[in-house]
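Student: Sequence first, predicted coordinates after that:
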Amino acid sequence: MSKDKPYKVAIVGGGASGFFAALSVMEHHPTAQVSILEKSQKLLAKVKVSGGGRCNVTNGTTSIARLSKAYPRGEKKLKKGFKFFSTVDTMHWFESRGVALMTQEDNCVFPVSQDSQTIIDCFLEEAERLGIKILLGAKVESISKVDGQLCISFKKNLQDQCFDKVIVATGGAPKRSGLTWLEALGHNISEPVPSLFTFNMPSESIVKLMGIVVEEARAKIEGTKLVSEGPLLITHWGMSGPAILKLSAFGARILSERGYKFSILVNWVNVQNNNLVLEKLEEIISEHPQKQLSNYRPYGLPDRLWQYMIAKGGFPTQKLWSELGKAGLNKLINLLCNDRYQVEGKTTYKEEFVTCGGISLTSINMTTMESMSCKNLYFAGEVMDIDGITGGYNFQSAWTTGYQAGKLISS
């Protein structure tokens, strides 16, 4: 960007990627005049509710290969970006601005304050310090090219404004109609469908066990190759937890096509070799033959879940382990490793909404984040067909792409 001319830059969207893009512009091009245009009356709304109000800023993994695998959409394209601005860079960025961070055992990174307002305050203070203008209630209707500039028209009684550069950071659009103004500029659209959702099981009695967590479970969508591992939470409506959320993310399109009606197979012990499970059960029979099934839980399963499984298998509660027999053992192995449940719908994960779909990455130069069809127009964040699983990954892609777009608008 020329040092002589103070370029006018518009950031469409006052969320995570929008603020990061705006701050990146000012960091790398201090003579720029930057305006954040937010359609609502609230800034950083998703940041506020993320992580249960604590804000899962990023993930602690430093391996770019491992990091990129957390993105069902965008994995390969993001690798270059993560070399440009990594999780380590993210943590340094916040900490250098006075935001103390902590990394949990699961590698999720939160502010030490355990309050998302800490992140919001950091952004707002930085924006004010750098002289970034913020306009609320500015819902963009269209962008047109006029005399070498990009002119923005708004849906309300706001006067058109023209800019030298525009970064679109509007977040995920639940419906394709929310992207038509960008499609009109020649961008390909990947149909938006929900990602990161929990499974509703209204006809399954297991919901009575709400609150139980199995730390190492394995879940599979029946009839597909979609499998995930990790903690599984039983809720009053069905199942949630990282194993389920990851499954919903990688299966977003398939599950949408099925109308969110499908079956899942749960391996409660996360042992894929049934013979190993058989050996474990035979060992129990050998060492505790006179123990009742109900009084000895294999693999340290939660007691309420184990009692439920015994009942589901039709075993009398007083039945001894030595009385199982071959048929009983096979039935128990199937319950432990291949437990089937019917899913009949989805529920958004907490208050967070993540979208699979958006501006196709074929329409974007993923090195500079510039549109391939509209010069001087750039993208950042979830408006693109990029989304990650839970664990701070969606914010990391927002920080990375926002930083890229902001720095490289002069390239």
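Tutor: Done, it's in. Numbering: from 1, shown residues only.
Student: can we go C-alpha only for contacts and neighbour counts from here?
Tutor: Will do.
Student: Just the buried residues of stretch 92-110, please?
Tutor: For stretch 92-110, a neighbour-count test (16 or more other Cα atoms under 10 Å) marks 94, 99, 101-103, 108-110 as buried.
Student: okay, that stretch in CSV with CA atoms only?
Tutor: Output in CSV follows, covering the C-alpha atoms of stretch 92-110 (Å, rounded to 0.1, in the frame of the first residue of the first chain):
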residue,chain,number,x,y,z
HIS,A,92,1.8,-14.1,21.3
TRP,A,93,-0.6,-11.6,19.8
PHE,A,94,-3.0,-11.6,22.7
GLU,A,95,-0.3,-11.9,25.4
SER,A,96,1.6,-9.0,24.0
ARG,A,97,-1.5,-6.9,24.4
GLY,A,98,-2.0,-7.8,28.1
VAL,A,99,-4.3,-10.8,27.7
ALA,A,100,-3.0,-13.7,29.9
LEU,A,101,-3.8,-17.1,28.4
MET,A,102,-3.9,-20.6,29.8
THR,A,103,-3.8,-24.0,28.0
GLN,A,104,-6.0,-26.8,29.4
GLU,A,105,-5.1,-30.5,29.3
ASP,A,106,-7.2,-30.9,26.2
ASN,A,107,-5.1,-28.2,24.5
CYS,A,108,-8.0,-25.7,24.5
VAL,A,109,-6.6,-22.2,25.1
PHE,A,110,-8.7,-19.7,27.2
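Student: Show me the shaky parts of this protein.
Tutor: Across the chain, the ranges flagged by pLDDT under 70 are 1-5, 349-352, 411.
Student: Show me where it has its helices.
Tutor: Using DSSP state H, the helices of the chain run over residues 16-28, 45-53, 64-68, 75-84, 87-95, 117-129, 180-183, 242-250, 252-257, 274-287, 303-312, 325-337, 393-407.
Student: Nearest to Trp268, out of those?
Tutor: Set against Trp268 and scored by Cα to Cα, these come closest in helix 325-337, at 5.4 Å.
Student: Who are the packing partners of that closest one?
Tutor: strand 261-267, helix 274-287 (3 or more Cα pairs under 8 Å, 6 or more residues apart in numbering; DSSP states H and E).
Student: what sits up against the last one?
Tutor: In other words, helix 274-287. In this structure, residues lying in contact with helix 274-287 by Cα atoms under 8 Å, 6 or more residues apart in numbering are 271, 298, 321-322, 329, 333, 337.
Student: Adding distance to Ile264, write the helices of the chain out as CSV.
Tutor: Shown next, in CSV, are the helices of the chain (distance: least, Cα to Cα, whole Å):
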stretch, distance to Ile264
helix 16-28, 34
helix 45-53, 26
helix 64-68, 26
helix 75-84, 25
helix 87-95, 33
helix 117-129, 38
helix 180-183, 36
helix 242-250, 10
helix 252-257, 11
helix 274-287, 18
helix 303-312, 16
helix 325-337, 12
helix 393-407, 25
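Student: quick one, which of these is nearest to Leu37?
Tutor: helix 16-28 (9.1 Å).
Student: ok so, going back, let me know the closest of the buried residues of stretch 92-110 to Ala249.
Tutor: Using Cα to Cα, the buried residues of stretch 92-110 come closest to Ala249 at Cys108, 17.9 Å.
Student: for the helices and strands packed on helix 325-337, which one sits closest to Lys83?
Tutor: With Cα to Cα, the closest approach to Lys83 among these belongs to strand 261-267: 36.5 Å.
Student: Mind giving me the packing neighbours of that closest one?
Tutor: Using 3+ Cα pairs under 8 Å, 6+ apart: strand 261-267 touches strand 213-221, helix 325-337, strand 339-344.
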